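> how would this look folded up:
(2 chains)
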Amino acid sequence: MTDVNHPPHDPENPAVTEGEELSASNEEQKLTFAQLAQTGHAPTELDPDAEPVLSVDNLKMYFPVKSSGLVRRTIGHVQAVDGISFQVPRGGSLGLVGESGCGKSTTGRLITRLYTPTGGSMQFGEKKQDIARMSNRELKPLRRDVQMIFQDPYTSLNPRHTVGAIVGAPLEVHNVVPKNKVLPRVQELLEVVGLNPEHYNRYPNEFSGGQRQRIGIARALTLNPKLLVADEPVSALDVSIQAQVINLLQDLQQEFDIAFLFIAHDLAVVRHFCPEVAVMYLGKIVEIADRESIYNHAHHPYTQALLSAVPDIKQAGQGRRERIRLEGDVPSPINPPSGCRFRTRCPLAQEICAKVEPPLLQIGPRHKVACHFAGEIGRHPATPVTSGLLGVDRQGSPDPAVTPQPVGTNPGYDKQWFDLDSQQMVSA
Amino acid sequence: MSDPFLVVEDLTVKFPTEDGLVNAVTDLSYTVEQGKTLGIVGESGSGKSVSSMAVLGLHDMRTARITGSIKVGGQEVVGLGESKLRKLRGKEVAMIFQDALAALHPFYKVGSQLAEAYLVHHPKASKREARRKAIEMLDRVGIPQPDRRVDDFPHQFSGGMRQRAMIAMGLINDPKLLIADEPTTALDVTVQAQILDLLQDLQREFNSAVIIITHDLGVIAEMADDILVMYGGRGVEKGPAKEVLTRPQMPYTWGLLSSVPDVHGDTASKLVPIPGNPPSLLDPPTGCAFHPRCAHVDKVPGNKCVTELPPLTAGPTGAGHLNRCHLADPVGVFENEVLPVIAPELLEES
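Below you'll find the predicted structure:
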């Protein structure tokens, strides 16, 4: 197995020769900056033709809210995830961003089936099996293919188990290799993630935060998964360690052809790791697109506000930039606003936004947005772009003169989309 | 230019532990003027929080060994008695902590915690007066309906509101120095933007000196006038914010810049990590603390990085920008080697 700090997919890397690699086993070896730069990674590219490994359609998760007292009646539901649809391409990465409470972690837990969804379907793998409704017995073989990396490397590893036991546990649970082959496989995995394979006998407390996260990654890799759900995999790590782990994940993705659902609140990390990004707000996807469209041509006012809120290093010595200020807090998901859920904080909101929920409308070859007034920053239209499609007038009341058209039903991208400038369907 | 309000000189903080002496902060010096913001950047264990807690005299004097000098408005803090420290805390220097839920008492109403902070330094004030002051401060930091929310408990506030309440508490006695220790790390970006705007508005209004401690270079870039980079308990680079972030002279600062992706930058720029792990403060490396992770050690002749601690001296660009590095031409190395890798688009512009 190749060392991770020496990327196997990098053919123009003559500077790093065997024996000069930096790994936990020979920490004394030193890289010059030119060699170190070779280990650095540029962002992952998008493969537009890849088949989806996971296709999520109208996924819902409602958690019941119980009254206090003896008879604990259900008095409402937290609509943590409310009808989201997306696809993760094979070997690709989809980033899921949003603020706390928007449902991004719940989505990750639904896909790993730590929760049973309230509704919707999740088709996984080549056979397109629906994992949303499977029983635990049916799920067991599929659990090999979907693994998870957790945020906090301090609480996600059992302090009383050795690293060998932690990384080897999935092998024993799924009975994939004979007992005497477990240790060699564990050592191989430790080496893959850049740890010393001789350290299998140590306990988690003997490792630093970054090394622990590598142990968590090794455990997730044990069963050769096809899809990894990474829930804030680097946000608990120090800045200098974050880049190490991001580069490691990129190497592993290329070497083992793993698809990632990358959940994070750090927009810069997501941009670096994910060629495609979905933005969530209060249980819904408000915008989903390729990297370029989200970060340079965002059409949803929430995405625009999020991006403008990120502090900029290049701003040094010039004070604070002008930004889109969002007033107030995220509303409660128990009783979300009618129509568009963002309307209570949206600078563009009009009457139609309270009456009709905007569909997730495809507006480009790989770009969907859920907004009645979708447009680039400063160029939002004055009249709702969706009224003709939905069969309503500009105020959102039903308009019998217009026939509604079905929009926003496909979890993937269609060949045809609604062009905002010409206000009609076009194709490539 | 007025005299600096805070002068820290040769501050050293050590903690004896079962495993030996932890050298948390070593020979740290910096100053902050009224109306200015100093940003302290560093990773966990770099000594940034320990040093600022020493400014408030928050360390247990029975265990912590503190030497050097900290002068707040001319008064020496190191070795000051508890009763005198209390007069200082809140009145002259206030601190905003990272975790507002842990820093606010869950049993007491937000308003009474604010009023308590006021009454400590205004013993002649009545309770009614203190409550009015609390409402006024909550209003000032942008909490809606302050006259009603003043009677809420901390858990009834959202994360951003709790942080605002903490800031209100910090500012209720008009302190001349405000230390914000990771004030926005636990918050979402849109809330972070609100809090940073608020801090800046309030600083302008009160003309207070601010120290902002964070690991987020973006926050530092937008807030700070001057930057101090800490590593292994020492200051390793110090200077005006723009200088430090655009022409850094210390390989550790380069490493920080190259290991964070930039949301507004070029997508083609590479992410180059700093190899290895931060040093142990129990047994710090010899010479330059960063040398085990530094990729430029071979450029310094005679193995100096390993054997000799570089002094914090003025770099090639002038007296205002100090670095702790043996490299003869750090700016040249940065511009010719590092920048082409981490931000190729900047070179094309210039």
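
> list the buried ones in the helix-or-strand element of chain A with minimal mean pLDDT?
The helix or strand of chain A with the lowest confidence, counting by mean pLDDT, DSSP states H and E, is helix A:33-39 at a mean of 79. Applying a neighbour-count criterion of 16 or more other Cβ atoms under 10 Å in any protein chain shown, one finds A:33, A:35, A:36, A:37, A:38, A:39 buried in helix A:33-39. Just so you know, the C-beta spots here come from the backbone N, C-alpha and C atoms, and that holds for glycine as well.

> what is the rounded mean pLDDT of the very next helix or strand once past it?
Using DSSP states H and E, the helix or strand that follows helix A:33-39 in sequence is strand A:52-66. Strand A:52-66 shows a mean pLDDT of 93.

> CA atoms only: put strand A:52-66 into PDB for me.
Extracted in PDB, the C-alpha atoms of strand A:52-66 (Å, rounded to 0.1, in the frame of the first residue of the first chain):
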ATOM      1  CA  PRO A  52     -25.200   8.100  -9.200                       C
ATOM      2  CA  VAL A  53     -24.300   5.800  -6.300                       C
ATOM      3  CA  LEU A  54     -27.000   7.300  -4.100                       C
ATOM      4  CA  SER A  55     -30.200   8.900  -5.300                       C
ATOM      5  CA  VAL A  56     -32.300  10.500  -2.600                       C
ATOM      6  CA  ASP A  57     -35.900  11.400  -3.500                       C
ATOM      7  CA  ASN A  58     -38.200  13.500  -1.300                       C
ATOM      8  CA  LEU A  59     -36.600  12.400   1.900                       C
ATOM      9  CA  LYS A  60     -38.400  13.400   5.100                       C
ATOM     10  CA  MET A  61     -37.600  13.100   8.800                       C
ATOM     11  CA  TYR A  62     -40.000  14.300  11.400                       C
ATOM     12  CA  PHE A  63     -39.200  13.900  15.000                       C
ATOM     13  CA  PRO A  64     -42.200  13.900  17.300                       C
ATOM     14  CA  VAL A  65     -42.400  16.500  20.100                       C
ATOM     15  CA  LYS A  66     -44.100  15.100  23.200                       C
END
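
> helices or strands next to that strand in the packing?
strand A:74-89, helix A:104-111, strand A:119-124, strand A:259-263 (3 or more Cβ pairs under 8 Å, 6 or more residues apart in numbering or on different chains; DSSP states H and E).

> avg pLDDT for the third one?
The one in question is strand A:119-124. Strand A:119-124 comes out at a mean pLDDT of 93.

> Please name the residues that touch residue A:162.
Residues near residue A:162 by Cβ atoms under 8 Å, 6 or more residues apart in numbering or on different chains: A:200, A:201, A:202, A:203.

> most neighbours, which of the residues you listed?
Most neighbours among these, by other Cβ atoms under 10 Å in any protein chain shown: residue A:200, with 19 neighbours.

> rewinding a little: out of the buried residues of helix A:33-39, which touch chain B?
A:33, A:35, A:36, A:37, A:39 (Cβ under 8 Å from any Cβ of the partner chain).
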